[in-house]
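>>> Would you be able to build a 3D model of this:
(2 chains)
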Amino acid sequence: MTEDRLLECLDLWGCTLARWPAAERTQAEALLASSEKARDLLTREQMMERLLQSADPVDMLDTAALDRVKAAVFASIASPPLKQAVPPLTVQIADRLRRWFDLPDPVAPWGLRLASVVLVAALLGSLTARSITLTTASSGTALEQIAMATPYSPLDVQ
Amino acid sequence: MTTDDTALLAAVANGDHGAFSTLMDRHGPRALALAIRMTGTRQDAEDIVQEAFLRVWRHAGRWDPSGGARFSTWLYRIVLNLCLDRKRRAPMAPLDEIAEPEDPSPDGLQQYSGEQARGLVQEALESLPERQRAALALCYFGNVSGQEAADSLEMSVSALESLLVRGRRALRTFFTKRGLNRLGDVL
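Numbering: from 1, shown residues only, chains lettered A, B, ... in the order given. This next block holds a predicted model:
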């Protein structure tokens, strides 16, 4: 183990070597026995941990803190908790679709909305195109139909 | 015999105040510790944990322990989200209320003790990005297992480890700038 690796391990698991994985702990102990730089690194990290622990904000909590929280919570709960509510049918369908498409939950409403818009647009486009094609194949274009529907007048012939 | 959290939650879902009280006794201290490490103030921490338990009460019937989910993970997630929400809503302090920078000279730390040390630590924690602070608050201070902390933060264990490493490095840089080498003199 190098000093850099020792620092990485300290960053990951802290200064209590007993909490490290066994393999890393053994290597670190060997390095600490042979390297003064490694010992200095550990000493500095221990200082930082002592400072953090000596000034842990948890010390600001008194023993009555939880009692105050509980009293406030019980004062607020006048009604029994919500039962497992059966969601509306639309939500059930949306949820089933989401699971089919394997969409993550927060994305699902947007994904479904987008998919719905694309689906409806595609459907409308397809129907419109089919309608125009059928009209054209059987009886000519819309302009031709209009022209044919307009009766000739004597004036036009002249 | 100790009733497990799932059984307590089932009782809470039926409106059992006694079960709810037991649940709060069991998990309240850790939730408070997490909240105060995130917010830095006792009042905010108590308000957040109160709101978190109210949500537990309201939604206990929706708790689904399948897949090995733990109540504590759910509770920590609620607390963390409330802490982050509160932080985002907090108004910016006017410039004249912001404290002068600390003395960066190596000897500057000799004057720290008690409240000042706590202020320095709080300043160091607040200098971290929120998720790094949450990771440190859970794992480093809170003694929560890596897997449970990762679940609470909704990330993989490797992503959590990355946050821990970056958070601790940032703390080291912060303290080094303020004369970490002399900390031994004041502790």
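>>> so where does the closest residue to B:S127 other than its chain neighbours fall, helix or strand?
Distances taken as CB to CB, 6 or more residues apart in numbering or on different chains put B:F174 closest to B:S127, at 5.8 Å, once the chain neighbours are dropped. Any C-beta I mention is one placed from the backbone N, CA and C, and that applies to glycine too. Assigned by DSSP states H and E, B:F174 falls within helix B:157-177.
>>> And stretch A:10-22, what's buried?
The neighbour-count check on stretch A:10-22 (16 or more other CB atoms under 10 Å in any protein chain shown) flags A:L10, A:D11, A:L12, A:W13, A:G14, A:C15, A:L17, A:W20 as buried.
>>> Now the terminal residues of that stretch, how far apart.
Distance between the boundary residues of stretch A:10-22 (CA to CA, to the nearest Å) amounts to 14 Å.
>>> Spit out the contact partners of the residue nearest to B:S127.
B:F174 sits next to B:E123, B:A124, B:S127 when contact means CB atoms under 8 Å, 6 or more residues apart in numbering or on different chains.
>>> Give the buried subset of the residues you listed as a ChimeraX selection command.
In ChimeraX, a selection of the buried entries from these looks like this (16+ other CB under 10 Å):
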select /B:124
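>>> is it true that B:Q132 touches B:L163?
Yes - using CB atoms under 8 Å, B:Q132 makes contact with B:L163 at a distance of 5.1 Å.
>>> out of these two, which sits in the more crowded spot?
Ranked by neighbour count (other CB atoms under 10 Å in any protein chain shown), B:Q132 and B:L163 place B:L163 first, with 24 against 21.
>>> Pull out the buried residues from the lowest-mean-pLDDT helix or strand in chain B.
Within chain B, no helix or strand scores below helix B:115-126, which has a mean of 79 by mean pLDDT, DSSP states H and E. Of the residues in helix B:115-126, B:A117, B:R118, B:L120, B:V121, B:Q122, B:A124, B:L125 count as buried by neighbour count, 16+ other CB under 10 Å.
>>> Show me what it is in contact with.
Residues lying outside helix B:115-126 but in contact with it, judged by CB under 8 Å, 6+ apart, are A:51-52, A:54-57, A:59-60, B:37, B:40, B:102, B:112, B:133, B:136-137, B:171, B:174-175, B:178, B:186.
>>> Buried ones among those residues?
A:51-52, A:54-57, B:37, B:40, B:102, B:112, B:133, B:136-137, B:171, B:174-175, B:178, B:186.
>>> Now do the helices for chain A: every range, in order, please.
Listed in chain order, the helices of chain A (DSSP state H) span A:3-13, A:22-34, A:36-54, A:65-76, A:89-101, A:108-139, A:142-149, A:154-157.
>>> could I get those helices as CSV with mean pLDDT and distance to B:W74?
What follows is those, written out as CSV (pLDDT from 0 to 100; distance: least, CB to CB, whole Å):
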stretch, mean pLDDT, distance to B:W74
helix A:3-13, 88, 26
helix A:22-34, 93, 32
helix A:36-54, 86, 27
helix A:65-76, 92, 16
helix A:89-101, 71, 20
helix A:108-139, 72, 20
helix A:142-149, 62, 63
helix A:154-157, 50, 82
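>>> Let me know which of these is the nearest to B:N14.
helix A:65-76 (16.2 Å; CB to CB).
>>> Any figure for the gap between A:Q53 and B:R55?
The gap separating A:Q53 from B:R55 is 31 Å, by CB to CB, to the nearest Å.
>>> same deal with B:D151?
Per CB to CB, B:D151 is found 18 Å from B:R55.
>>> Which one's more surrounded, those two?
When neighbours are counted by other CB under 10 Å, B:D151 and B:R55 differ, and B:D151 comes out ahead with 22 against 16.
>>> Show the pLDDT at the most centrally placed residue in chain B.
With the centre of chain B defined as its mean C-alpha position, the nearest residue by CA atoms, centre = their mean is B:L34, 2.9 Å away. The predicted local confidence for B:L34 comes out at a pLDDT of 89.
>>> in the helix or strand containing it, what's buried?
Assigned by DSSP H and E, B:L34 belongs to helix B:17-39. Within helix B:17-39, the residues scored as buried using 16+ other CB under 10 Å are B:19-24, B:27-39.
>>> Contacting chain A as well, which ones from these?
With the criterion set as CB under 8 Å from any CB of the partner chain, the members of those near chain A are B:F20, B:S21, B:M24, B:G28, B:P29, B:L32, B:A33, B:I36, B:R37.
>>> tell me which parts of chain A are close to chain B?
Close to chain B, as judged by CB under 8 Å from any CB, chain A has residues A:8, A:10-12, A:14, A:44-45, A:47-48, A:50-52, A:54-61, A:65-66, A:68-70, A:72-74, A:76-77, A:80-85.
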